[in-house]
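Visitor: Make a model of this:
(3 chains)
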Amino acid sequence: MKRHLLESADLDRDDATLVLDTAAQIDQALAGREVKKLPTLRGRTVVNLFYEDSTRTRISFELAAKRLSADVINFSAKGSSVSKGESLKDTALTLEAMGSDAIVVRHGASGAPHRLAGWVRGSVVNAGDGTHEHPTQALLDAYTIRRRLGRLDGVRVTIVGDVLHSRVARSNVWLLTTLGAEVTLVAPPTLLPVGVDSWPVAVSYDLDAVLPKADAVMMLRVQAERMNASFFPSAREYSRRYGLDAVRMAALSDDAIVMHPGPMNRGMEIAADVADSVRSTIVEQVGNGVSVRMAVLYLLLGGNA
Amino acid sequence: MTVLVKGARVLGGDPADLLLKDGRIAAVGERLSATGATVVDADGLVALPGLVDLHTHLREPGREDAETVETGSRAAALGGFTAVHAMANTDPVADTAGVVEQVWRLGRQAGLVDVVPVGAVTVGLRGERLAELGAMADSAARVRVFSDDGHCVSDPALMRRALEYVKAFDGVVAQHAEEPRLTAGAQMNEGDRSARLGLTGWPAAAEEAVIARDVLLAQHVGARLHVCHVSTAGSVELLRWAKSRGVQVTAEVTPHHLLLTEACAESYDPVFKVNPPLRTEEDVRALRAGLADGTIDAVATDHAPHAVEDKESEWAQARPGMLGLEQALSVVVETLVEPGLLDWAGVADRMSVRPAAIGRLDGAGDRAHGRPLAPGEPATLLLVDPAARVPVDPAALASRSRNTPYAGRELPGRVVATFLRGEATVLDGEAVR
Amino acid sequence: MAGSREPAASRTSTAGVLLAPADVARVVDRMAHQLIEKAGDALADLVLIGIPTRGAPLARRLAARVAAFSGTAVDVGTVDITLYRDDLRLRGVRALEDTLLPAQGIDGRLVVLVDDVLFSGRSVRAALDALRDLGRPRAVQLAVLVDRGHRELPIRADYVGKNVPTSRAQTVRVHLAETDGTDEVLVTEGEGR
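Guide: This next block holds a predicted model:
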């Protein structure tokens, strides 16, 4: 493993598999226990440096670090020195001077974790940067698929929605293909990046044509404000063409699963009865997120003096 | 000051001596001698007419922490320049006779290069109404190049009026070609890499669409048009087409667009963030070919100093722009001379003769540039050692800023001396002051 | 990595065979008899918990022999101690192995930890820490195939297959058929593990 987890490309197939296997062993070790805590990272300090509000991701990382007995500091940009104009670099150096061993960073600017990694000695974990990547989300998605379907090699994963602005989609494309899955992106052409043809994926504009062949369908959150920038004409039209409702879900094969990184827009990209169906792994994904993040923190921090 | 330059290869030709006296070239020939003259040994050095930059950001007034007229002038002289056009996007904007005269005076005080102010096309660079172009033209700064650089004059009607209006004083509008509606939030060239890096794309079409529109407007109203920092293969094609139709269009390319590609963005280091963005290998090849065949008239640096805090940040938060004055000639040697695309006469043409002509500095007046290195002409020239390869050390730059994209690179061609009207501004590779 | 697999060819001329395959089987049998004898009436409560890597198959073998000799089936489990180690920073991270407890758990039972080599005692300490988080056994004992001395903690084994005086500079390697293709215990000079 490299010292940082900045993007899915930091993980080769062996590394990615190691993270998933480690998460599985942690799950197994903690299953049914009263004391859901391990002493592994006792005395290490993990800083959650969040420049964007994301309660769920922050809590997930916080829980992961605490279950490994690390000290956790939550540093949110709002109401801190950052809102007084402190630069990312100064903030990073300040946190390091206070003894942080790892910085988990969520930032609105693509590449901010890369910059951070150049300034600090500790490990940097990307918890979502702009429209670039969100590698631990992809790891937890891969973990969820592997748990439900038993494998990743050859699994057909369809990712539907705002690929253009989605760090979740980018991270999943690289990680899932590294792990041998076949990825198909489905979106209106306006929500696919120019240059997507160079990605190792299939691209379709037609959800109905793709669904019967999918083993896993991952629905991306679509923000209504994209409508105002004419990425699509209306929420209704988007939902009609690219939303997953019960009728479409019926076209899926028997074992296929439905995923969503959350938070969901029920009624927009996913219908409520789909989100709550037995195919849905949405709640499971949240739980798996903690295990996968524990695995990442252990592998990045456990061995570093 | 009398200077005897011994054994320089004028435009790369056979070695000759040049006698510089009273601001002019007194003689060119073999085995010249002059008692009391400062002798400069130019064995192996190439003599070129002083370089003219059509596109420099000197940041004064307003951001003297990033650059001043004086520090920028020194950087220019060290790069072999004898004239630089100072862009108008200062604070306050150079949109009145008062501001352009202030910049012009600061240049005179520094005395290292001719600082030729560029006037803003529109008031405050806002693209709404014309600035007092005539007043700037008639001022002591004698402005001939007008540009809203940093912003595109995107309103087609306003652009047409500007093109027409400056005809009255032989001016030219230098357009920053960027359709703003296509580049909202743009961070880098739009393509495979922007898709992967998650940085908002700046499509080539946003540049090309404006160039296409403007050459048609220039032709329609019979005006001169200059296109700033051309960055795409498509732009070169459009310029070639326009020139073949007789449109009075000229264009410039920056050193960084001749050398670097969008691959630099992989590091997310904003030292490589620039507007227009670094493009693809294919674009770089087309730009070199376009400069070699004359479709692109000039190399212009777009020297854009930025304070450390404006670059040591997230990519999206960083200001666009990079330094260029001190390495421009080296980059041209690396990308065109050494590969055989351009000879030294070609370098003189693209970096001195043609930019001087575009800026109307090519006459016989007191700020003549781009003139032949012949007896009777102004002694405004430089000597470059083409064999020297120099590693670029940001800390050693004369610019007040450090945002060079060439840090750590070894580039060919070291400017040994620069003369402005017979006075040395650089000797032995050092600025005289 | 402790007990890492290595090809037979890497055995140097200084390698001494401490236990041959037949010796290993004999030693395991003897340990099984000792377990039965010492557990007495508590045999039904016995849980053998192997410490991966080689403690796990060793625990299974012991359980099988105990069952064969006593007619009483014995529960087996494994506890991976990696996440409890206090020397991760020195040794680096490694892949985790199984932690599997019998369905009835370990509360109130007689737990015997099983490992291949007892050296510093740090692995056993980590295993004790792990057990504390997993339940509350009535008693915990320790069985090891080889005790090579050099303890750094106040820990001793209740069942020892073979005591081997070693120097710190020597390395003791246990190979088991399940993990290494053959049963044997080797002592090599150097490396100091």
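Visitor: Chain C contacts on the stretch 101-250 of chain B?
Guide: Residues of the stretch 101-250 of chain B lying near chain C by Cβ under 8 Å from any Cβ of the partner chain: none. For glycine as for every other residue, the C-beta is placed from the backbone atoms N, C-alpha and C.
Visitor: show me where pLDDT drops low in the stretch 101-250 of chain B?
Guide: For the stretch 101-250 of chain B, no stretch has pLDDT under 70.
Visitor: tell me the strands in it, going along the chain?
Guide: For the stretch 101-250 of chain B, the strands defined by DSSP state E, counting those that start in this stretch occupy B:114-117, B:145-146, B:172-175, B:188-189, B:201-202, B:225-227, B:249-253.
Visitor: again with the stretch 1-150 of chain A
Guide: Per DSSP E, counting those that start in this stretch, the stretch 1-150 of chain A carries strands over the ranges A:45-50, A:71-76, A:102-107, A:123-129.
Visitor: Pull the number of nearby residues for the residue of the stretch 101-250 of chain A found nearest chain C.
Guide: Across the stretch 101-250 of chain A, the shortest distance to chain C (Cβ to the nearest Cβ) belongs to A:D101, at 10.6 Å. For A:D101, the count of nearby residues is 21 (other Cβ atoms under 10 Å in any protein chain shown).
Visitor: mean pLDDT lowest for which of the strands of the stretch 1-150 of chain A?
Guide: Mean pLDDT values for those show the minimum at strand A:71-76, a mean of 92.
Visitor: and that strand, which residues are buried?
Guide: Applying a neighbour-count criterion of 16 or more other Cβ atoms under 10 Å in any protein chain shown, one finds A:D71, A:V72, A:I73, A:F75, A:S76 buried in strand A:71-76.
Visitor: Run through the residues of chain C sitting next to chain A.
Guide: Counting by Cβ under 8 Å from any Cβ, the residues of chain C near chain A are C:80, C:83-85, C:88-93, C:95-100, C:129, C:133-134.
Visitor: shaky segments in chain C?
Guide: Within chain C, the segments meeting pLDDT under 70 span C:1-14, C:191-193.
Visitor: can you give me the helices in it?
Guide: In chain C, the helices defined using DSSP state H lie at C:21-39, C:55-70, C:88-91, C:122-134, C:177-180.
Visitor: and what of the stretch 201-305 of chain A?
Guide: A:207-210, A:225-228, A:235-242, A:246-249, A:272-275, A:282-301 (DSSP state H, counting those that start in this stretch).
Visitor: Equivalent analysis for chain B, please.
Guide: In chain B, the helices defined using DSSP H lie at B:69-78, B:97-110, B:133-138, B:156-165, B:192-197, B:204-221, B:233-244, B:255-259, B:281-292, B:328-332, B:344-348, B:354-358.
Visitor: Regarding stretch C:135-151, how distant is the last residue from the first?
Guide: One end of stretch C:135-151 sits 26 Å from the other (Cα to Cα, to the nearest Å).
Visitor: burial count for the closest residue to B:A223 other than its chain neighbours?
Guide: Sequence neighbours aside, B:L163 is the residue nearest to B:A223 in space, at 3.9 Å (criterion: Cβ to Cβ, 6 or more residues apart in numbering or on different chains). The number of residues packed near B:L163 is 26, by other Cβ under 10 Å.
Visitor: need the contact list for B:L163.
Guide: Counting by Cβ atoms under 8 Å, 6 or more residues apart in numbering or on different chains, B:L163 touches B:V173, B:D214, B:L217, B:A218, B:V221, B:A223, B:R224, B:L225.
Visitor: same question, A:V168
Guide: A:H134, A:Q137, A:A138, A:D141, A:L220, A:P261.
Visitor: The residue most central in space within chain C bridge partners, please.
Guide: Note on chain C: the residue nearest the mean C-alpha position is C:D115, at 0.9 Å, using Cα atoms, centre = their mean. Beta-bridge partners recorded for C:D115 (DSSP bridges): C:V144.
Visitor: Pretty sure it sits against C:V144.
Guide: Yes: using Cβ atoms under 8 Å, C:D115 is in contact with C:V144, at 5.1 Å.
Visitor: How about the lowest-mean-pLDDT helix or strand in chain A and chain B, touching?
Guide: For chain A, using mean pLDDT, DSSP states H and E, the weakest element among its helices and strands is helix A:225-228, scoring a mean of 80. No: judged by Cβ under 8 Å from any Cβ, helix A:225-228 and chain B are separated, with a smallest distance of 12.7 Å.
Visitor: So which bits of that helix are buried?
Guide: A:R226, A:M227.
Visitor: could you dump it to PDB, C-alpha only?
Guide: Extracted C-alpha coordinates of helix A:225-228, given in PDB (Å, rounded to 0.1, in the frame of the first residue of the first chain):
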ATOM      1  CA  GLU A 225     -29.900  22.500  -9.700                       C
ATOM      2  CA  ARG A 226     -28.400  20.800 -12.700                       C
ATOM      3  CA  MET A 227     -31.700  21.300 -14.300                       C
ATOM      4  CA  ASN A 228     -31.200  25.100 -14.200                       C
END
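Visitor: what comes into contact with it?
Guide: Under the criterion Cβ under 8 Å, 6+ apart, residues A:D162, A:H165, A:L191, A:F232, A:P233, A:S234, A:A235, A:Y238 lie in contact with helix A:225-228.
Visitor: Tell me the one of the contacts of A:V168 nearest B:A83?
Guide: The closest of the contacts of A:V168 to B:A83 turns out to be A:H134 (Cβ to Cβ; 50.9 Å).
Visitor: The closest one and A:E7, how far apart?
Guide: 9 Å (Cβ to Cβ, to the nearest Å).
Visitor: so how many other residues sit close to the closest residue to B:A356 other than its chain neighbours?
Guide: With Cβ to Cβ, 6+ apart as the criterion, B:A356 has its nearest non-adjacent residue at 3.0 Å, and that residue is B:G370. Applying other Cβ under 10 Å, we find 24 residues neighbouring B:G370.
Visitor: again with C:G190
Guide: C:G190: 10 neighbours (other Cβ under 10 Å).
Visitor: For chain B, what's its nearest residue on chain C.
Guide: Relative to chain B, the nearest point of chain C is C:V93 (27.4 Å; Cβ to the nearest Cβ).
Visitor: My read is that that residue contacts A:G302, right?
Guide: Yes: using Cβ under 8 Å, C:V93 is in contact with A:G302, at 4.1 Å.
Visitor: quick one: the residue nearest to B:W104 when sequence neighbours are not counted and chain C, what's the gap?
Guide: In this structure, B:W104 finds its nearest non-sequential neighbour in B:A141, 3.8 Å apart by Cβ to Cβ, 6+ apart. Applying Cβ to the nearest Cβ, to the nearest Å, the value for B:A141 to chain C is 66 Å.
Visitor: So which residue is smack in the middle of the chain?
Guide: Using chain A. In chain A, the residue lying closest to the centroid (Cα atoms, centre = their mean) is A:Q137, at 1.6 Å.
Visitor: hm, I was asking about chain B
Guide: Central residue of chain B (Cα atoms, centre = their mean): B:A300, at 2.4 Å.
Visitor: okay, now the domains of chain A?
Guide: Following automatic domain parsing, chain A resolves into domains at A:8-133+A:286-301, A:135-281.
Visitor: Sketch out the low-pLDDT regions of chain A for me.
Guide: Residues of chain A meeting the criterion pLDDT under 70: A:79-83, A:304-305.
Visitor: Those residues of it touching chain B, which are they?
Guide: So chain A meets chain B at A:87-89, A:107-112, A:114-115, A:118, A:129-133, A:167, A:170, A:193-196, A:198-199 (Cβ under 8 Å from any Cβ).
Visitor: give me the residue from the stretch 201-305 of chain A nearest chain B.
Guide: Scanning the stretch 201-305 of chain A for the residue nearest chain B gives A:A229, at 8.8 Å (criterion: Cβ to the nearest Cβ).
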